[in-house]
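> Here's my sequence, what's the structure:
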Amino acid sequence: MSKTLVGYQSTKFLVSAASLDGCPADLGCEVAFAGRSNAGKSSAINTLTGIKGLARTSKTPGRTQLINFFQLNHGMRLVDLPGYGYAKVPRHVKEKWGTKVSEYLQIRKSLAGLVLLMDIRHPLQKFDLQILTWAIHAGVPVHALLTKCDKVSKGRATNTLIRVDQEFKHLDAEEHLLTFQIYSSPKKIGVTDLKETLDHWFTSTFSLPTQNL
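I've put the predicted structure just below:
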């Protein structure tokens, strides 16, 4: 049996961009993380890579205002997009962040897939659905993380999974671009499943080395 060597543990911060003009060259392959400001994007990136503090986290949602790029190996990148939808952020700031996210998703040719983080207690908000609809039209696969699953009962988690499954089938009956899972960064629930999805996206673009187990 072989295992793909994506090299999450060697991830390094690359650059922060205030606009698309400041982004790295649109070459290679990148996976972007999007979601509401309190959904846990930065924590998910830190848990995925096993590097504490790689992506900055804050107790005050809405601090990620830039597009942050992290370099893996073989020309691969992780991208932490500005969070959206936090009520205490001024409207003009929300609109500016929304524009950044929209432009990035529409223009970046190296985007191989999108990880959409949704709090399992509040999934499928307005902007979540907008991103899902855009991705389907653009043919970009989306893997949704239903975060903070450790904060709800098993029954509530199951009900949410059913609801998300029904909505995804309604939105994407033909292309099968939408997938989802439960996830918790503090408890490291679902990390292996997330890595498997990202491995698939990256290896669809690159021929990566393997090691025999």
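> Just the element for L198, please.
helix 191-203 (DSSP states H and E).
> what do you get for M118?
Using DSSP H and E, M118 sits within strand 111-119.
> What is the least confident helix or strand in this protein?
Lowest on mean pLDDT, DSSP states H and E among the helices and strands of the chain sits strand 210-212, with a mean of 43.
> Can you pull out the low-pLDDT segments for this protein?
1-5, 57-64, 85-98, 205-213 (pLDDT under 70).
> for it, what spans make up the strands?
Along the chain, the segments classed as strands by DSSP state E run 2-4, 12-17, 29-35, 67-71, 76-80, 111-119, 142-147, 178-182, 210-212.
> So what's the residue count around the closest residue in space to K52 that isn't next to it in sequence?
The spatial neighbour of K52 that comes closest, neighbours along the chain excluded (C-beta to C-beta, 6 or more residues apart in numbering), is N46 at 5.9 Å. No exception for glycine: its C-beta is placed from N, CA and C like everyone else's. Neighbour count of N46, defined by other C-beta atoms under 10 Å: 19.
> List the contacts of N46.
For N46, the contacting residues are K52, G53, L54, A55, T57, S185, by C-beta atoms under 8 Å, 6 or more residues apart in numbering.
> Now do it against L78, distance only.
Separation of N46 from L78 (C-beta to C-beta, to the nearest Å) stands at 11 Å.
> if we can go back for a sec, closest to A173 among the contacts of N46?
Closest approach to A173 among these (C-beta to C-beta): S185, at 31.5 Å.
> Hmm, I45 and that closest one touching each other?
No. Using C-beta atoms under 8 Å, S185 makes no contact with I45, being 9.2 Å away.
> hang on, G40 packs against L117?
Yes. Between G40 and L117 there is a contact at 5.8 Å, judged by C-beta under 8 Å.
> Show me the common contact partners of those two, please.
Counting by C-beta under 8 Å, 6+ apart, the shared contacts of G40 and L117 are T147.
> what's the spacing between R56 and G22?
As judged by C-beta to C-beta, R56 and G22 stand 17 Å apart.
> likewise G83?
Going from G83 to G22 by C-beta to C-beta gives 18 Å.
> Looking at these two, which one has more neighbours?
More crowded of G83 and G22, by other C-beta under 10 Å: G83, with 26 against 12.
> How many residues are close by the nearest residue to the more buried one once chain neighbours are set aside?
When the adjacent residues along the chain are set aside, G83 lies closest to S37, with 3.2 Å between them (C-beta to C-beta, 6+ apart). Using other C-beta under 10 Å, the number of residues around S37 comes to 23.
> how much space is there between S37 and I107?
With distances taken as C-beta to C-beta, S37 is found 23 Å from I107.
> And P186, by the same measure?
From P186 across to I107, the span is 34 Å (C-beta to C-beta).
> swap in Q181?
Going from Q181 to I107 by C-beta to C-beta gives 28 Å.
> These two: which is more packed in?
Set side by side, Q181 and I107 show more neighbours around Q181, with 17 against 11, by other C-beta under 10 Å.
> contacting residues around the more buried one?
Contacts for Q181 (C-beta under 8 Å, 6+ apart) come out as H143, A144, L145, L146, G190, D193, L194.
> and D80, what does it touch?
Neighbours of D80 in contact, by C-beta under 8 Å, 6+ apart: A32, F33, K41, S42, I45, A55, T64, I67, N68, F69, F70.
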